[in-house]
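Asks: sequence-free structure coming up:
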């Protein structure tokens, strides 16, 4: 390294780099520097082996604890910025935890007295340093002027540290995160506990608790800490860091359930119970207070005035957190799941659920912009392909051969349709329906079974429709194409019985709330209740674990299947002609 390049570096001291937030902050500083300059980083650590592997050789690790004043002085010498995150971060912290947090901060401040190059100390505090006073009705969010009334020893320690820093005379900024979530969070942390409850189907996960909290994704919090370090107007001030969108515990459970493919957060607690929990809030444990009251809602207005903007949407943040959670010890290589029609509707919902499961994905669709956006969010391979073109199918095959992907699932969700009499619709348009719904399904089914036979196992899932159960005038070609999918897949299931652990499943969903109706020119009946793509995707995942050939999804699918058995073909065709004219 030349003297000039070393001179251009900023020297940064980080405590708590082995933790959830500190590790993310340190990696961000290494990757992108600070104010456009690379950084030379010193991390105070008790055990170097606890540093993330990418940091061990890239930073100067200083063995020691916050109370080790000589080590602190050595590390801080020449530092321009200090990020203080180290703490015993538990709301069940006892007097020892309080003492360690406060005395460690006191020692750090003592060491900083000799740091002549210091520009700013950024202290990561907590919403727990404030909490709610007994007289607070929780009607509005906390802000930086709210009176502090910490409800835990951990919160008390953070408040004490804030006051030490404010009185120390060092240049500082204080950031109070709310609920921080994201990959890497501790097992006992709020959002991860909610994920585990939803996974297990715990009774509490079904309740739509009305208490709201403010969340902040760990990547957004890191950006808030960096902004507090360099913005001139942040000096000597305190900020709450949130994503600006308070959300109820029940809604978090619903969001988690949607990603897991199960229904959660739908049972509203009795109004009398909610009223009692709010009236007697101060007598309840903090965890119970949060379920019914907006105890941990905070305003990010002051931080936003500096230019802060949360960039990780809650839905995406929860999805990647769930995926990380489910990839923890015990995860194995499960192969790649190929999904067609992945950019929207059932295919998109299935892709998100499989991503949350920890599966690797290959997403296929002809809507390139939507596909690229989803693939980026799900860290997935993708290929923009029009399945109605023979040349495009050949391109898909060539891609698979070149990439040598180990396909474990192939899911044919893609499908198109068009409403109208056969004599009025263009022949070209009707042949396109056959190309996408029949030829492409046959092509990918053959490709999948050949591959599965070689690897000894795999699952092919073909999505049909209740339109397959009877002749459907005014959508004749679409219904016939889906009838092919149904009977072909059931026959292939019987053939695959001799191929070992190769499963072929046909899924027949009732009407589903996707964009299909609009594109096909199908009217939606007044008051009609359609299945959600999330429910159908969950049914697909469940069906993949069974041995049966066909799964009907939704009560209407079961009713239509029974009706097809009762009516003659003539009566069925005439009945559906009248229904299609009146309702569709």
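Replies: Okay, I see it. Predicted, not measured: the structure shown is a model, and the values here were computed from it.
Asks: so how many other residues sit close to residue 362?
Replies: For residue 362, the tally of surrounding residues (other Cβ atoms under 10 Å) stands at 24. Bear in mind the C-beta positions are built from the backbone N, C-alpha and C, glycine included.
Asks: ok so it is a strand residue?
Replies: Yes. Per DSSP: H, G, I helix; E, B strand; the rest coil, residue 362 lies within a strand segment.
Asks: That one contacts residue 380, correct?
Replies: Yes. In terms of Cβ atoms under 8 Å, residue 362 counts as a neighbour of residue 380; the distance is 7.0 Å.
Asks: Quick check, residue 259 in contact with residue 354.
Replies: No. If you go by Cβ under 8 Å, residue 259 and residue 354 don't touch, sitting 10.2 Å apart.
Asks: For residue 390, see how far away the nearest residue to residue 147 once chain neighbours are set aside is.
Replies: Leaving aside its sequence neighbours, residue 147 sits nearest to residue 133 (Cβ to Cβ, 6 or more residues apart in numbering; 5.5 Å). Look at residue 133 and residue 390: by Cβ to Cβ, to the nearest Å, they are 71 Å apart.
Asks: Repeat that for residue 476.
Replies: From residue 476 across to residue 390, the span is 24 Å (Cβ to Cβ).
Asks: In this structure, which strand is the longest?
Replies: strand 501-509 (DSSP state E).
Asks: Run through the neighbouring helices and strands of that one.
Replies: Packing partners of strand 501-509 (3 or more Cβ pairs under 8 Å, 6 or more residues apart in numbering; DSSP states H and E): helix 440-455, strand 457-463, helix 476-496, helix 533-543, strand 550-553, helix 555-566.
Asks: which residues of this protein score low on pLDDT?
Replies: Scanning the chain for pLDDT under 70 picks out the ranges 1-7, 71, 90-93, 328-333, 526, 583-584.
Asks: Can you tell me the centre-most residue of it?
Replies: Geometric centre of the chain, nearest residue: residue 319, 1.3 Å, by Cα atoms, centre = their mean.
Asks: wait, what's in contact with residue 494?
Replies: When contacts are counted by Cβ atoms under 8 Å, 6 or more residues apart in numbering, residue 494 touches residue 549.
Asks: Could you check how far it is from residue 371?
Replies: Shown here: residue 494 relative to residue 371, a distance of 34 Å by Cβ to Cβ.
Asks: quick one: residue 450 from residue 410, how far?
Replies: Separation of residue 450 from residue 410 (Cβ to Cβ): 11 Å.
Asks: no wait, residue 99
Replies: Per Cβ to Cβ, residue 99 is found 59 Å from residue 410.
Asks: Give me the distance from the longest strand of the chain to the chain's centre.
Replies: With Cα atoms, centre = their mean, to the nearest Å as the basis, strand 501-509 stands 27 Å off its chain's centre.
Asks: do the same with stretch 490-497
Replies: On the basis of Cα atoms, centre = their mean, the separation between the geometric centre of stretch 490-497 and that of its chain is 36 Å.
Asks: mind listing what's buried in it?
Replies: In terms of neighbour count (16 or more other Cβ atoms under 10 Å), stretch 490-497 has its buried residues at 490, 492-493, 496.
Asks: Next, format those residues as TSV and append distance to residue 298.
Replies: Putting these into TSV (distance: Cβ to Cβ, whole Å) gives the following:
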residue	distance to residue 298
490	56
492	56
493	55
496	56
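Asks: more neighbours, residue 476 and residue 390?
Replies: Shown here are residue 476 and residue 390; by other Cβ under 10 Å, residue 476 has more neighbours (18 against 12).
Asks: how many neighbours does the spatially closest residue to that one that is not a sequence neighbour have?
Replies: In this structure, residue 476 finds its nearest non-sequential neighbour in residue 422, 5.4 Å apart by Cβ to Cβ, 6+ apart. Around residue 422 there are 12 other residues, counting by other Cβ under 10 Å.
Asks: what's the answer for residue 307, then?
Replies: By other Cβ under 10 Å, 9 other residues sit near residue 307.
Asks: quick one: secondary structure of it?
Replies: Under three-state DSSP, the three-state class of residue 307 is coil.
Asks: Nearest to residue 94, out of the helices and strands packed on strand 501-509?
Replies: Proximity to residue 94 (Cβ to Cβ) singles out helix 533-543 among the helices and strands packed on strand 501-509, at 42.9 Å.
Asks: which residues touch the closest one?
Replies: Under the contact criterion Cβ under 8 Å, 6+ apart, helix 533-543 has outside partners 258, 261-262, 345-346, 348-350, 352-354, 357, 411, 461, 463, 505, 507, 509, 512-514, 551, 553-554.
Asks: how does it look with 7 Å?
Replies: Residues from elsewhere that reach helix 533-543 (Cβ atoms under 7 Å, 6 or more residues apart in numbering): 258, 261-262, 345-346, 348-350, 353, 411, 461, 505, 507, 509, 512-514, 551, 553.
Asks: that older thread, surely the residue nearest to residue 476 and residue 474 touch.
Replies: No. With contact defined as Cβ atoms under 7 Å, residue 422 does not reach residue 474; the gap is 9.0 Å.
Asks: so of the helices and strands packed on strand 501-509, which one's packed in deepest?
Replies: Most buried of the helices and strands packed on strand 501-509 by mean neighbour count (mean count of other Cβ atoms under 10 Å) is strand 457-463; its value is a mean of 24.
Asks: what about residue 559, distance to residue 566?
Replies: Distance, residue 559 to residue 566, by Cβ to Cβ: 11 Å.
Asks: before we move on, what about residue 280?
Replies: Distance of residue 280 to residue 566, given as Cβ to Cβ: 58 Å.
Asks: and what of residue 106?
Replies: 82 Å.
Asks: One more: residue 94?
Replies: The gap separating residue 94 from residue 566 is 70 Å, by Cβ to Cβ.
Asks: same question, residue 47
Replies: Counting by Cβ to Cβ - residue 47 and residue 566 are separated by 71 Å.
Asks: count of neighbours near residue 545?
Replies: When neighbours are defined as other Cβ under 10 Å, residue 545 has 9 of them.
Asks: To which secondary structure element type does it belong?
Replies: In three-state terms, and counting by three-state DSSP, residue 545 is coil.
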